[in-house]
Each structure stands twice: as C-alpha cells, then as structure tokens.
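A.B. asks: no sequence on this one, just coordinates:
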C-alpha cells in the first residue's frame, strides 16, 4: 500500500461516524514513517488519558523520528512528545520492534513499576 492510499484511508476512517470517540489501547503495524505518523494523528486525540499507543515499528529510526516530531506535538497536539518505551530497540529480544507510549502524565512511580526489582 502506498503512502497516499494509507493517508486517504486514515482520513476516511477518521471521519467515519461509527469510530469510537475514545480508545483505551491502540496497536499499529504500518512500517512506513508517514503511515505511522498518520495513524498517530488520528488515534492520539481519541486515546483516553492513561491509554496506551503501541507501535510494532518503533525500532525503525525514521518511524521513531516521525513519532517524536516536536513540531507535530507542539502545533497539532499542544503537548510535549511522550516517552516511547522501547524506542530504537524494542521491548525485548522476542519483540525487537515493539514499543509504546502512555497518554498523559507518566510519573516516576509508573516508570519504576515497569522495572524488575532484582
């Protein structure tokens, strides 16, 4: 699927009256930076506070750059880019491309809850 088709598809989906106003969890696997950013544009505003946005493409540098576009976050979402956990290397050896962001304030206690206490 080319970028223009993906963009047109997401615009059509974003305008559908049946699409839920709020999403608790989103999972994207699109491979292309422009498609990843297009998904973010339509899903992030619908993501509920504390909702999770997963990407199967976060290990790809160009996708990560698209997600962390400061201008996009400042001008479109009016917020700072969130932390993308797994960014650049994935979540683990068996999920090398998987990463996620949590919408809303991520507290130090939340980050600590993600670590192992050895």
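C.D. replies: Ah, there it is. Bear in mind the structure is a predicted one, so any value in this text is a computation, not a measurement.
A.B. asks: what about the strands in the protein?
C.D. replies: Listed in chain order, the strands of the chain (DSSP state E) span 23-28, 47-55, 99-102.
A.B. asks: which secondary structure elements does the last one contact?
C.D. replies: The contact analysis (3 or more CB pairs under 8 Å, 6 or more residues apart in numbering; DSSP states H and E) places strand 99-102 against strand 47-55. Yep, even glycine has a C-beta here, placed from its N, CA and C like the rest.
A.B. asks: and the strand it packs on, which strands flank it?
C.D. replies: strand 23-28 (parallel), strand 99-102 (antiparallel) (DSSP bridges).
A.B. asks: what is the rounded mean pLDDT of the first one?
C.D. replies: Across strand 23-28, the average pLDDT comes to 92.
A.B. asks: contacts for it?
C.D. replies: 36, 39-40, 43, 46-48, 51-57 (CB atoms under 8 Å, 6 or more residues apart in numbering).
A.B. asks: picking that back up, to residue 83, which of the strands paired with strand 47-55 lies closest?
C.D. replies: Taking CB to CB, strand 99-102 is the member of the strands paired with strand 47-55 nearest to residue 83, at 6.5 Å.
A.B. asks: and the residue nearest the centre of the chain, what does it touch?
C.D. replies: Geometric centre of the chain, nearest residue: residue 53, 4.4 Å, by CA atoms, centre = their mean. For residue 53, the contacting residues are 26, 28, 40, 43, 44, 47, 100, 101, 102, 103, by CB under 8 Å, 6+ apart.
A.B. asks: and residue 47, by the same measure?
C.D. replies: Contacts of residue 47 by CB under 8 Å, 6+ apart are 22, 23, 24, 26, 53, 103.
A.B. asks: that one pairs with what?
C.D. replies: residue 23.
A.B. asks: pLDDT value on residue 12, please?
C.D. replies: Reported pLDDT for residue 12: 49.
A.B. asks: columns distance to residue 61 on top of the strands of the chain, output as CSV?
C.D. replies: Converted to CSV, these look like this (distance: least, CB to CB, whole Å):
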stretch, distance to residue 61
strand 23-28, 17
strand 47-55, 13
strand 99-102, 12
